[in-house]
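In: need a structure here:
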Amino acid sequence: MITPPARGAFVEDGGVRFRVFSSCAERVQLCLFDDEGVERSRHDMNRESGGDWSLFTPGVAPGQHYGFRADGPWAPEAGQRCNPAKLLIDPYARQLAGAFSWGRAVYDYRRDRVPDWRRDDRDSAPCVPRGVVSTPAVPAVRRAAVRAWSDSVIYETNVRGFTMRRPELGEAERGRLAGLANGEVLAYLKALGITTVELMPVHAFIDERHLAERGLRNLWGYNTIGFFAVAPRLAGPDPVGEFRAMVAALHEAGFEVLLDVVYNHTGEGGARGPTINFRGFDNRAYYRMDPDDPGRYVNDTGTGNTMNVDHPVVRDLVLDSLRYWHRVMGVDGFRFDIAPVLGQGMDGFDPRHPLLAAMGNDPDLAQARLVAEPWGPVGYELGRFPDGWSEWNDRFRDTARKFWRGERDQLAALARRVHGSADLFDTPGRGPGASVNFVTAHDGFTLTDLVSYRQRHNRANGEGNRDGHRHNHSANHGVEGPSDSAVVRSLRRRHRLNLLATLLFAQGVPMLLAGDEAGNSQDGNNNAYAQDNETGWVDWSGLDSDPDFAEQVRAMLRLRREHPLLRQPEYLHGHYAEGSTDRDIDWYHPEGRPMRESDWAVGQAVLKLLTGPAGSGDFGDSVHRVAIVINGHDREVEFHLPGGQGGSLLYATDGQQPGAVESPWRAAAWSLSLLGFSPR
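Out: You can find the predicted model right below:
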C-alpha cells in the first residue's frame, strides 16, 4: 500500500476534498473554473492545525478545474507575500489545464513601483494554469527488478529532442511521450544495447521570461512549477495515461525508466519573479531565506531561489512526489538535479540530512534507483552521498576528455576513472555502480561537437555567448566546426570512438547521451536549453550517412555484456584471481612489465589486465582474461603482452578487425583496444 499524501485533491463519495498548506495565510479560498478558464465560484477553506487548510466540496468530480487564493500578510521585506489577487496552482495537482503567459498580472508586486514593493491587485487567473481534479490512479503494474545495477547502460534523452526528428514517427507522436513508446523506437534502443532510459524533466514547467521575449522555448524543462503533473506540451489530452502507457511499453520491452527531477528550485525565480504557487502560499516555508534578511532568497541553485528542505512541508512534498512517480506512474528511479540542495541545511551539506535519510528509509521507495548530480553553483559533494545512491561522475568526463585531447599527466587519473573511481566511492556498502560515468550529457557539447569545437557557440540563446560551460576540455583537431578535410574528419571520428570505448569498457555504470551514436551536432552550442528547434532536436541523419559508427557502439555494448569482467559489482584490489597466477587487476607498461610509479607521470600508454575465474565471460573457459590497451600517443606503440602470451583482438577503435594477435603487438596511434586471453 502506498503512503497517501496529506495534501492535494482527493475524490470522495459525493465530492472532492481539497487540502493545501499555508501557515501564514489568514484566509484561503478554493476557486472553481469551467473548462474555458472562467472562474465560477470561490469557497472559503477551513484552517486546520499545523498550517493546513481543507474543504470538502459536494458535487465536484474528476475533470474539475481549480486553483487557490491566499490572503494574509503583505510584507515582502520580511518574506511574506500573500496576495489574494494571484491564482495559485495546487502544488499537488496531478494535471494542469491552460498555459502560463508572462502578463503583468503574474507578479504579486507593481513592477513599475520597484523598489517600494506596492502590492499588485490585478487578477492573475488568465495567465496561470489551473489544476484538474484527477481520477484516483491505481498503482502501476511494475515488473520486478531483473538486472543488477552494474549491468545497466543508461541512455539520457529528452522527450521532444529525441522524437521530433525520428523518421519512423508520425506527426501525432513527435514531441510527445507516445513517441518513446513507438515499437520501432523501442527496437532501435534494444538493438543498440541500452538497458535504462533516463528522461530529462517531464514535470510541468514554464519558459523563462527572457526566452519568451526572444521567441524561444525551454527544451530541457529545469524550471518546474508542478512536481506531480506531466508537462502539458509533452502529451495529448490524457497526460497521466500517456505517461503510464509509455512506461509500460518501455518495461514490456525490457527497459528501466529513470526520471530527472528538479526539487532544488522552482520556476518562480527570485524576489522579482512571478507568483504561481509556492511563493503565494507560504514563501518562508517553501523557500530558503536569508536569516539576517528574510526578504532575500538564498540562491544556492543559480536560479533565484532554493527549496527549503529543512521545512517538513517541503520534505513531505518531495517524498510524496517521489512515491507518486515511482509507485503510481511506474518509473524505476530518479536522477536528482543539483542534488546537494536536498541535503543542505544552514550549516552546509550533510549526507545524513533528514530528507536524504527519509528517502533512503521510505518503504515505498525501497526499490527505486537514486542517482545524484552531486554538484551545483554552491557545493561540490562527489562521493559524499549515502550508501544506496549513485552519482554522476564529472571527474570521469573531464579526465577522459583531457587525456584524449592529448593533455599530459592524465594517465594515472584515467586509470583511476577506468577502474571505477575507487578513490571516490570505495567505501563500505558502495561499489563501482556508485559511479555513473559519462563523457557527454545534455549539459555541454554533444560527442561530435566535443571533437569539433574548442569554444562554445551559444549566441542563438540570446545571452551574448556568456552562458554554458567555459571549460569544456574539447578539441577541434585543427578546424573550428565542420571540416571538409578527410584527415580532420577521420581523426575526429577516431576520438569519438576512443571516448566511447573508454566509457563503455570502464567499471561503473555508463551513460550515453541520446544521438551521440548518430553523430548529432548542436553546431557548437553547449547549452541548448533554449533551443526547442532543430538545434536542440537530435539529428538522426548520421545513421544513414555513417551507419558503421552506430554499429561500433553496438559492438562495444555487446562486448560489455559478454564480458562480466568489464562490469564488476565490487572493486578489484589486485588480489590473485582464483586458480590463477595473475592478480584480478594489474597495469602493464608497453614493455610488458608492471607499471612503476614514475611511469604514470610521463606515460601516455598502458595495458589494464582483468582476470577472473574460468567462466567469467560468456565464452566459457575460452576467455577469462581481458586487457584494455590504451595508446594516447600520436604514433604506434609496441606492446609486449603480459607473459608474452598471444591472444585475441576483440575490438579496436582504429578499425582493426577482430582476430588473433601475437606478442609483441602494435597498437595504432590514438587508439583503445580490447584483447582477450585464454587461460594459462
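
In: distance of residue 231 from residue 202?
Out: 6 Å (C-beta to C-beta, to the nearest Å). (Each C-beta comes from the backbone N, C-alpha and C, glycine too.)

In: quick one: contacts for residue 502?
Out: 400, 403-404, 414, 418, 439, 630, 672 (C-beta atoms under 8 Å, 6 or more residues apart in numbering).

In: Which element, helix or strand, includes it?
Out: helix 486-504 (DSSP states H and E).

In: Quickly run through the sheet partners of the lowest-mean-pLDDT helix or strand in the chain, with directions.
Out: Here the helix or strand of the chain ranked lowest by mean pLDDT, DSSP states H and E is strand 344-345, holding a mean of 88. Using DSSP bridges, strand 344-345 pairs in its sheet with strand 348-349 (antiparallel).

In: Beyond the strand it pairs with, next helix or strand please.
Out: In N-to-C order, the element after strand 348-349 by DSSP H and E is helix 354-361.

In: if we take the contacts of residue 502, which one ends up nearest to residue 92?
Out: Within the contacts of residue 502, the smallest distance to residue 92 is 38.5 Å, found for residue 439 (C-beta to C-beta).

In: Count the residues that sit near the residue lying closest to the closest one once chain neighbours are set aside.
Out: Nearest non-adjacent residue to residue 439, counting by C-beta to C-beta, 6 or more residues apart in numbering: residue 499, 4.6 Å away. The local packing of residue 499 (other C-beta atoms under 10 Å) involves 24 other residues.

In: I'd say residue 499 and residue 445 touch.
Out: No: counting by C-beta atoms under 8 Å, residue 499 stays clear of residue 445, with 11.1 Å between them.

In: rewinding a little: next structured bit after the helix holding residue 502?
Out: Toward the C-terminus from helix 486-504 - assigned by DSSP H and E - lies strand 509-513.

In: hmm, who's touching that following strand?
Out: Counting by C-beta under 8 Å, 6+ apart, 149-150, 152-156, 194, 198, 390, 392, 432-433, 435-438, 440-442, 446-447, 500, 503-504, 553, 560 sit against strand 509-513.

In: Please apply the same query to stretch 393-410.
Out: Contacts for stretch 393-410 (C-beta under 8 Å, 6+ apart): 375, 382, 411, 413-414, 416-417, 421, 424, 435-441, 450, 472-475, 495, 498-499, 502-503, 506, 508, 601-602, 604, 632, 634, 670.

In: Just checking the distance from that stretch to the centre of its chain.
Out: Distance of stretch 393-410 from its chain centroid, counting by C-alpha atoms, centre = their mean, to the nearest Å, is 21 Å.

In: And it, what's buried?
Out: Neighbour counts over stretch 393-410 (16 or more other C-beta atoms under 10 Å) mark 393-405, 410 as buried.

In: In those residues, find the pair that's most separated.
Out: Top of the distance list for the buried residues of stretch 393-410 (C-beta to C-beta): 393 and 405, 18.7 Å.

In: can you pull the buried residues of the helix holding residue 502?
Out: For helix 486-504, by 16+ other C-beta under 10 Å, it's 488-489, 491-504.

In: mind checking how far it is from the chain centre?
Out: 25 Å.

In: For that helix, list the C-alpha coordinates in CSV.
Out: The C-alpha atoms that make up helix 486-504 are tabulated as CSV, following Å, rounded to 0.1, in the frame of the first residue of the first chain:
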residue,chain,number,x,y,z
ALA,A,486,39.4,13.9,-44.7
VAL,A,487,42.3,13.8,-42.2
VAL,A,488,40.5,16.0,-39.7
ARG,A,489,37.2,14.1,-40.1
SER,A,490,39.0,10.7,-39.7
LEU,A,491,40.8,11.9,-36.5
ARG,A,492,37.6,13.3,-35.0
ARG,A,493,35.8,10.0,-35.7
ARG,A,494,38.6,8.1,-34.0
HIS,A,495,38.4,10.2,-30.9
ARG,A,496,34.6,9.8,-30.7
LEU,A,497,35.2,6.1,-30.6
ASN,A,498,38.1,6.5,-28.1
LEU,A,499,35.9,8.4,-25.7
LEU,A,500,33.0,5.9,-26.0
ALA,A,501,35.3,2.9,-25.6
THR,A,502,36.8,4.5,-22.5
LEU,A,503,33.3,4.9,-21.2
LEU,A,504,31.9,1.5,-22.1
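
In: quick one: the residue most central in space within the chain and residue 152, what's the gap?
Out: Centroid check for the chain by C-alpha atoms, centre = their mean gives residue 260 as the closest residue, at 4.5 Å. Per C-beta to C-beta, residue 260 is found 16 Å from residue 152.
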